[in-house]
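In: Below is the sequence, then the predicted model.
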Amino acid sequence: MFFQQKFRLLTSLIALIFLTLLFNVYNLQTSDREASLVSVNKQTLDTFYIPSPRGEIFDTNNNKLVSSSLEPHLFLNLRKINANNRSQYEQYIQYNFVDLGEDLIDEIFESEDLLVRIVNIQDLNFDNRQTLISLEAFEIFDFPVRKYEYNNIASHIVGYLGEPSFEDAKNFPLSVKSNIVGKSGLERYYQDALAGQPTEIIFKDDEIAQI
């Protein structure tokens, strides 16, 4: 009888130790998994694409019909906009870029994009550009500007650009990144040759890398 009680006590003790070990292993795995998830979340990269300058188009006599140039544009980094500073940036844009209407400014701040292009600042002097850069949510990147040498005279042949539709995205998958595609004429027929590879702007926390 004594030995049976002793055996039961020993068995219960071993079972308790085993259950304790299992519980500790489970907690350790759970903690490691949560730590890994936190680490992954902190390292999540957000990417924004800027189209590269499209190729030039010439006629049969080697006259340039269309060209592209890179010009500095002001962007708003919406990752850095919050309830505390939104009105400050809205007022700054309204005061300094009066050609932008209130509706367009509202669209800028309500956009789901990481970066929103605001305006071409090619004509701003160096001091004014430095003032813009001093505001944390403003970014300046070179953005391609398409120039049609003869305006509408050859538009039916050259075509035009626009945002890709669902059908465009299927035919030209790369256009989804740059958000620009040839809609008609030569711009569409030679879309892949003219488009090039978009530039990647990668966000990690407060850092920006341009590729």
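Out: That came in fine, so what should we check first?
In: tell me which element the residue nearest the centre of the chain is part of?
Out: The residue lying closest to the centre of the chain (CA atoms, centre = their mean) is Phe48, at 2.2 Å. Using DSSP states H and E, Phe48 maps to strand 46-50.
In: Ala83 now?
Out: Judged by DSSP H and E, Ala83 forms part of no helix or strand.
In: returning to what we had before: mind listing the residues bridging to the residue nearest to the centre of the chain?
Out: Ile201 (DSSP bridges).
In: sorry, back to before: buried residues of the strand holding Phe48, list them for me.
Out: Phe48, Tyr49, Ile50 (16 or more other CB atoms under 10 Å). No exception for glycine: its C-beta is placed from N, CA and C like everyone else's.
In: ok, how many other residues are close to the closest residue to Leu74 other than its chain neighbours?
Out: Counting by CB to CB, 6 or more residues apart in numbering, Ile118 is the residue found nearest to Leu74 once chain neighbours are left out, at 4.6 Å. Counted with other CB atoms under 10 Å, the neighbours of Ile118 add up to 21.
In: Surely Ile118 is in contact with Phe97?
Out: Yes. The criterion here is CB atoms under 8 Å, and Ile118 meets it with Phe97 at 6.9 Å.
In: can you map out the helices along this structure?
Out: Listed in chain order, the helices of the chain (DSSP state H) span 2-42, 86-96, 102-110, 126-134, 155-158, 166-171, 175-178, 185-189, 191-195.
In: May I see the buried residues of strand 46-50 organised as CSV, with pLDDT added?
Out: Shown next, in CSV, are the buried residues of strand 46-50 (pLDDT from 0 to 100):
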residue, pLDDT
Phe48, 88
Tyr49, 91
Ile50, 92
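In: Could you single out the nearest of these to Glu200?
Out: Tyr49 (6.1 Å; CB to CB).
In: can you pull the contacts of the closest one?
Out: Lys177, Ser178, Asn179, Pro198, Thr199, Glu200, Ile201 (CB atoms under 8 Å, 6 or more residues apart in numbering).
In: Mind giving me the PyMOL command for buried ones among those?
Out: With 16+ other CB under 10 Å as the criterion, this PyMOL line picks the buried residues out of those:
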select buried, resi 177+178+198+199+201
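In: now, which of the contacts of Tyr49 sits nearest Ile105?
Out: Using CB to CB, the contacts of Tyr49 come closest to Ile105 at Asn179, 20.1 Å.
In: is it true that that closest one touches Pro51?
Out: Yes. Contact criterion CB under 8 Å: Asn179 and Pro51 qualify, at 7.3 Å.
In: got any ranges where this structure has weak pLDDT?
Out: 1-45, 152, 205-211 (pLDDT under 70).
In: Where is the longest strand in it?
Out: strand 64-77 (DSSP state E).
In: what residues go with each domain of the protein?
Out: Per automatic domain parsing, the domain ranges recorded for the chain read 1-44, 46-210.
In: Mean neighbour count, these: which tops it?
Out: domain 46-210 (a mean of 15; mean count of other CB atoms under 10 Å).
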